[in-house]
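[1] Turn this into a model:
(one chain, ligands or ions: 1)
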Amino acid sequence: MQVFDTVTGLQTYLALHRASQTIGLVPTMGALHAGHLALVAQARTECSLVVASIFVNPTQFNNPDDLKHYPRTLEADLALLEAAGCHVVFAPTEAEMYACPPVLRLSFGELEQRLEGAHRPGHFNGVGLVVSKLFHQVQPQVAYFGQKDLQQCLVVQQLVQDLAFPLQLRRCPTVREADGLAMSSRNRRLGEAERQVAPRLHQSLQRVVQSAQQGAPVAQALAQARAWLEQSGAFSVEYLEVADTEQLRPVTQLTAGQTYAVLVAAQLGPVRLIDNLLFQAGA
Ligand code: AMP
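    All right, here's what the predicted structure looks like:
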């Protein structure tokens, strides 16, 4: 496995291999877990050269405390990537990625006004900037993102469409712990009691799906699940919503057979967690 911390080093290496290889990119912020490794595994099935990036991108953090405490575990990450059969790791410094403070601002229209966009001002601008840089630096044919960050997937899809990046996007399913908690680098910061109660987040989504599929009005399904989540006393819920899967517009009435997303964000102890499920409305 080749590891680079400069764009020049990365590009010199890729230039030698580009003609004969299909390049797959897996962008990450490190502190890797099985969710990230599933993206690498998926990339390995479709691409002959898999590049993973590790960069805790400051421009996508709206909360300085979150950025400061974001786990950084480069040595362990490299060992996991090597074992997963990743071919190239790009782990640049902040100065390498942002030689000058960026002036460009990306706006994703109404998609950005909702959910993560509404609660994390500037977050998707930062995501758009760093993903654009990585796409230019690596020039992959395929790029891999996780459904765990559904709104991010949609934002990146918009970016690729509007800026005509010549690549395909893949959305990979959310990998969960045995108790249902979606894997996240931030889970490491949960205390023991918080970790015990954390699966409620996923369960609240399941409750919404179950009630909605049994014919309960969406508003009622959401209110009951939210109350149940808050009952634990551990979560401070930012949003729990049912939305369409294209623009994440809030939905109050379901149409049978259509696919919807239910999405949640909540503070649990020191960390803010997000999760979502896709489901089909019953008849
Ligand atoms: P992050 O390091 O959190 O920026 O995540 C890097 C990529 O891994 C993003 O595309 C995430 O959506 C994806 N990812 C994070 N957690 C999971 C998970 N539990 N299952 C699948 N993909 C994930």
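[2] Show residues contacting the helix ranked longest in the chain.
    If you go by DSSP state H, the chain has its longest helix at helix 123-138. Counting by Cβ atoms under 8 Å, 6 or more residues apart in numbering, the neighbours of helix 123-138 from elsewhere in the structure are 7, 10-11, 14, 23, 25, 27, 51, 53, 55, 57-62, 90, 97, 102, 104-108, 111-112, 116-117, 143, 151-152, 155-156, 159-160, 163, 165, 167. Bear in mind the C-beta positions are built from the backbone N, C-alpha and C, glycine included.
[3] can you rerun that using 7 Å?
    Contacts of helix 123-138 with the rest of the structure, by Cβ atoms under 7 Å, 6 or more residues apart in numbering, involve 7, 10-11, 14, 23, 25, 27, 51, 53, 55, 57, 59-60, 62, 90, 97, 102, 104-106, 108, 112, 116-117, 143, 152, 155-156, 159, 163, 165, 167.
[4] buried residues in it?
    Buried positions in helix 123-138, judged by neighbour count with 16 or more other Cβ atoms under 10 Å: 123-135, 137-138.
[5] hmm, it touching the ligand?
    No - judged by Cβ under 6 Å from any ligand atom, helix 123-138 makes no contact with the ligand; its nearest approach is 8.7 Å.
[6] what about that helix, average pLDDT?
    Taken as a whole, helix 123-138 has an average pLDDT of 98.
[7] which residues are contacting the helix or strand hosting A143?
    Assigning secondary structure by DSSP states H and E places A143 in strand 142-146. Identification of contacts with strand 142-146 by Cβ under 7 Å, 6+ apart yields 24-26, 35, 39, 42-43, 46-47, 135, 152-153, 156, 167-172, 174.
[8] Quick one, which of those residues are buried?
    Applying 16+ other Cβ under 10 Å to those, the neighbour count classes 24-26, 35, 39, 42-43, 47, 135, 152-153, 156, 170-172, 174 as buried.
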